[in-house]
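1. A predicted structure for the sequence below; I have some questions about it.
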Amino acid sequence: MNYNSGATVALLLLIYGSILAYLLLLLLVQYVLYGIALSLFFRKVGVESWIAWVPYYRFWKWLEVEGQPGAYALFGIIPSLRIVTNVFLYIGMWYTGKAFGKDAGMLVLGIFLPFVWLFVLASKNEVYRPELITEAGYPAPLAGYGSAQYAAAHPTPPAGPTPG
């Protein structure tokens with residue numbers, strides 16, 4: 001048999017290019033799904049929704065909403081340390097689930113399909129009550145509603161009649 005090496009190389013390049021295009025399309029779909037889901041979730045919990053579209057910063061803010069230090073998101077820059085960021089996101093999902101009155105089943109959904117978890121919590125039927133996080137003994141959110149940062153920027157007026 002006589003194999004034409006030029007045709008073989010062309011076929012291999014076509015296969016490689018097709019696989020690469022498919023993977024890039026999957027990455028784009030994942031980025032868009034996360035962006036939409038996180039922007040809806042951020043709006044629900046009191047964080048600016050544009051942050052959902054900024055790589056790494058969105059995970060920083062997501063960790064802060066969950067009461068975790070946002071700097072853990074930087075572990076995601078190093079591929080072998082991405083698991084550290086994921087572990088803290090999962091712990092925070094448990095805390096955030098408490099604020100929405102969810103149980104362990106919802107955490108399992110968050111671990112395996114995080115963008116679905118975000119869409120569910122961002123739906124109109126869900127009520128975010130960050131005080132439930134601290135009542136359960138977990139750290140308060142560091143960003144969004146329920147955080148000290150939010151309370152400082154939005155002071156509540158004193159109760160009772162206003163002077164004047």
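-> That came through, no problem.

2. How about residues contacting stretch 117-130?
-> Contact with stretch 117-130 is made by 34, 37-38, 40-41, 43-45, 93, 96, 99-102, 106, 109-110, 140-141, 144-147, as judged by Cβ atoms under 8 Å, 6 or more residues apart in numbering. No exception for glycine: its C-beta is placed from N, CA and C like everyone else's.

3. no, scratch that, I was asking about stretch 96-109
-> 45, 65-66, 90, 93-94, 110, 116-117, 120-121, 126-133, 136, 138, 146.

4. Can you tell me which of those are buried?
-> Among the contacts of stretch 96-109, those classed as buried by 16 or more other Cβ atoms under 10 Å are 45, 65-66, 93-94, 110, 117, 120-121, 128, 130, 132-133, 138, 146.

5. quick one: the closest residue to residue 140 other than its chain neighbours and residue 65, what's the gap?
-> Among residues not flanking residue 140 along the chain, residue 134 sits closest, at 5.0 Å (Cβ to Cβ, 6 or more residues apart in numbering). From residue 134 across to residue 65, the span is 14 Å (Cβ to Cβ, to the nearest Å).

6. List the contacts of the one residue sitting closest to the centre of the chain.
-> Residue closest to the average C-alpha location in the chain (Cα atoms, centre = their mean): residue 62, at 5.0 Å. The contact partners of residue 62, by Cβ under 8 Å, 6+ apart, come to 38, 73, 89, 92.

7. Report pLDDT for it.
-> For residue 62, the model assigns a pLDDT of 93.

8. Ramachandran angles for it?
-> With angles defined as degrees, to the nearest 10, residue 62 sits at phi -60, psi -40.

9. got it, and the one 5 residues further on?
-> Reported as degrees, to the nearest 10, the phi and psi values for residue 67 are phi 80, psi 10.

10. from what I can see it touches residue 144, true?
-> No: Residue 67 is beyond contact range of residue 144, at 10.4 Å (criterion: Cβ atoms under 8 Å).

11. list residues touching both of the two?
-> What both residue 67 and residue 144 touch, as defined by Cβ under 8 Å, 6+ apart, is an empty set.

12. Residue 105 is in what secondary structure piece?
-> helix 104-112 (DSSP states H and E).
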